[in-house]
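Colleague: Got a predicted model here, sequence first, then my questions.
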Protein chains: 2
Amino acid sequence: MLKRLNHVALAVPDIAAAAATYRDTLGARVSEPQALPEHGVTVVFVELDNTKIELLEPLGEQSPIAAFLAKNPKGGMHHLCYDVDDILAARDHLVAAGARVLGDGAPRRGAHGKPVLFLHPGDVHGTLTELEEV
Amino acid sequence: MLKRLNHVALAVPDIAAAAATYRDTLGARVSEPQALPEHGVTVVFVELDNTKIELLEPLGEQSPIAAFLAKNPKGGMHHLCYDVDDILAARDHLVAAGARVLGDGAPRRGAHGKPVLFLHPGDVHGTLTELEEV
């Protein structure tokens, strides 16, 4: 079911500072910041040769990463996202195996405009796990 | 400087249970467990199409992931590892930029037998970051 690692998401308190670290200190290609108000984050992509890192900064009052940053004020590793071919088939298989899909269980439109779902980290050994249909 | 994402390391309290989740629930290819006593971990590789996930379980009394699991008893995302071409050049560039290399600052032999170093997470916005010369 899991195909590629789509991205690793890192929550950061200051995305401009984090983007500068990845560009200048670590010598990676980084995108311009994109505000995604409907997802409650501003995102910068760090483009690697085989996948990407997504730097996420909270945007607005209801940001889904605000609680994480309150617990981890310096930032940290937030979630992993994997590509799947068929998100409804994946969802049905996961639910049958006892995994909990966050929200109402229906895939929603993710930050890349594709259907995504999140699995409860308690069902994936502590790692918040996103699946994206590609 | 950063090339490929070499791996994402996830610390888990029970590597057999975690390997079963990735194999059976998430439908990924997983390796047999390998004990690496000199690194204080047992490792299982989850092979994705573009990179790999390393599941790490503590091994022995001095495991470098024991403190992390004491704080995160269900497991969680432990570190990211990136490929670099020249680890000494990378180290010199990073130290000049003010980043702290863990240990004595010299690259050491990593779990794959190649030279690695770890950067202090406080210098990488909260993410423990490994570089590996490939």
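Modeller: Great, that's in hand. Since the model is a prediction, treat every value here as computed from it, not as a measurement.

Colleague: How about residues contacting stretch A:31-47?
Modeller: A:7, A:15-16, A:18-19, A:22, A:28-30, A:52-60, A:62-66, A:110-111, B:2 (CB atoms under 8 Å, 6 or more residues apart in numbering or on different chains). C-beta coordinates here come from the backbone N, C-alpha and C atoms, glycine included.

Colleague: wait, I meant stretch A:62-79
Modeller: A:8-13, A:18, A:39-41, A:56-58, A:118, A:127-130, B:76-77, B:80, B:121-122, B:125-127.

Colleague: Which residue is the nearest non-sequential neighbour of residue A:82?
Modeller: Distances taken as CB to CB, 6 or more residues apart in numbering or on different chains put residue A:2 closest to residue A:82, at 4.5 Å, once the chain neighbours are dropped.

Colleague: avg pLDDT for the longest strand seen in chain A?
Modeller: Ranked by residue count and defined by DSSP state E, the top strand of chain A is strand A:76-84. Averaging pLDDT along strand A:76-84 gives 98.

Colleague: Okay, now the sheet partners of that strand, with direction.
Modeller: strand A:5-11 (antiparallel), strand A:129-133 (parallel) (DSSP bridges).

Colleague: could you redo those as TSV and give each row mean neighbour count?
Modeller: What follows is the strands paired with strand A:76-84, written out as TSV (neighbours: other CB atoms under 10 Å in any protein chain shown):
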stretch	mean neighbour count
strand A:5-11	25
strand A:129-133	22
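
Colleague: got these as TSV, with mean pLDDT and distance to residue A:101 columns?
Modeller: Listed next are these as TSV, based on pLDDT from 0 to 100; distance: least, CB to CB, whole Å:
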stretch	mean pLDDT	distance to residue A:101
strand A:5-11	98	17
strand A:129-133	97	9
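
Colleague: Which one, of the ones you listed, ends up nearest to residue B:92?
Modeller: strand A:5-11 (25.0 Å; CB to CB).

Colleague: just the buried members of the contacts of stretch A:62-79?
Modeller: Buried residues within those, counting neighbours by 16 or more other CB atoms under 10 Å in any protein chain shown: A:8-13, A:18, A:39-41, A:56-58, A:118, A:127-130, B:76-77, B:80, B:121, B:125-127.

Colleague: Quick one: the strands in chain A, in order.
Modeller: A:5-11, A:29-30, A:34-36, A:41-47, A:52-58, A:76-84, A:108-109, A:115-119, A:129-133.
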